[in-house]
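1. Okay, structure incoming, though there's no sequence with it:
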């Protein structure tokens, strides 16, 4: 983003293309996990199958597997973190990736392993 004006920053984030929105869907890595896998970066993109822990909000301290990542609205949906609607239906609570940290990575994709420089 070129401008330092908050209004233009918000507009740029809101109107960003999906390939740029992917960069906003990062969450911090657990320090022990980064040490174990020898990852030098602080944050990694959140993907389905990752195990995450919530760091703030009503659900602070809860953890679970990522069920869905909504890039358009920049939300992550986690198994086990739900609420009841007025009709009694259970729905997943959307959580921002910045309020999460990754405790276990889904390394079934060889390209993700390659990008993170993980052998094995």
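-> Sure thing, it's come through. Just so we're clear, the structure is a prediction, and the values are computed from it rather than from any experiment.
2. Show me what the biggest strand by length in the chain is packed against.
-> In the chain, taking DSSP state E as the definition, the longest strand is strand 75-84. If you count contacts as 3 or more C-beta pairs under 8 Å, 6 or more residues apart in numbering; DSSP states H and E, strand 75-84 packs onto strand 51-54, strand 63-70, strand 90-95. For the C-beta atoms, the positions are set from N, CA and C on the backbone; glycine is no exception.
3. Tell me the strands beside that strand, with direction?
-> Partners of strand 75-84 in the sheet, by DSSP bridges, are strand 63-70 (antiparallel), strand 90-95 (antiparallel).
4. if we can go back for a sec, out of the helices and strands packed on strand 75-84, the one nearest residue 11 is which?
-> For the helices and strands packed on strand 75-84, proximity to residue 11 was assessed by C-beta to C-beta; strand 63-70 is nearest, at 19.9 Å.
5. For that closest one, which outside residues touch it?
-> Identification of contacts with strand 63-70 by C-beta atoms under 8 Å, 6 or more residues apart in numbering yields 25, 46-54, 75-81, 92, 94, 97, 103.
6. out of the strands paired with strand 75-84, nearest to residue 18?
-> strand 63-70 (10.8 Å).
7. hmm, back to that, can you add distance to residue 4 and give the strands paired with strand 75-84 back as a markdown table?
-> Below are those laid out as a markdown table (distance: least, C-beta to C-beta, whole Å):
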| stretch | distance to residue 4 |
| --- | --- |
| strand 63-70 | 28 |
| strand 90-95 | 29 |
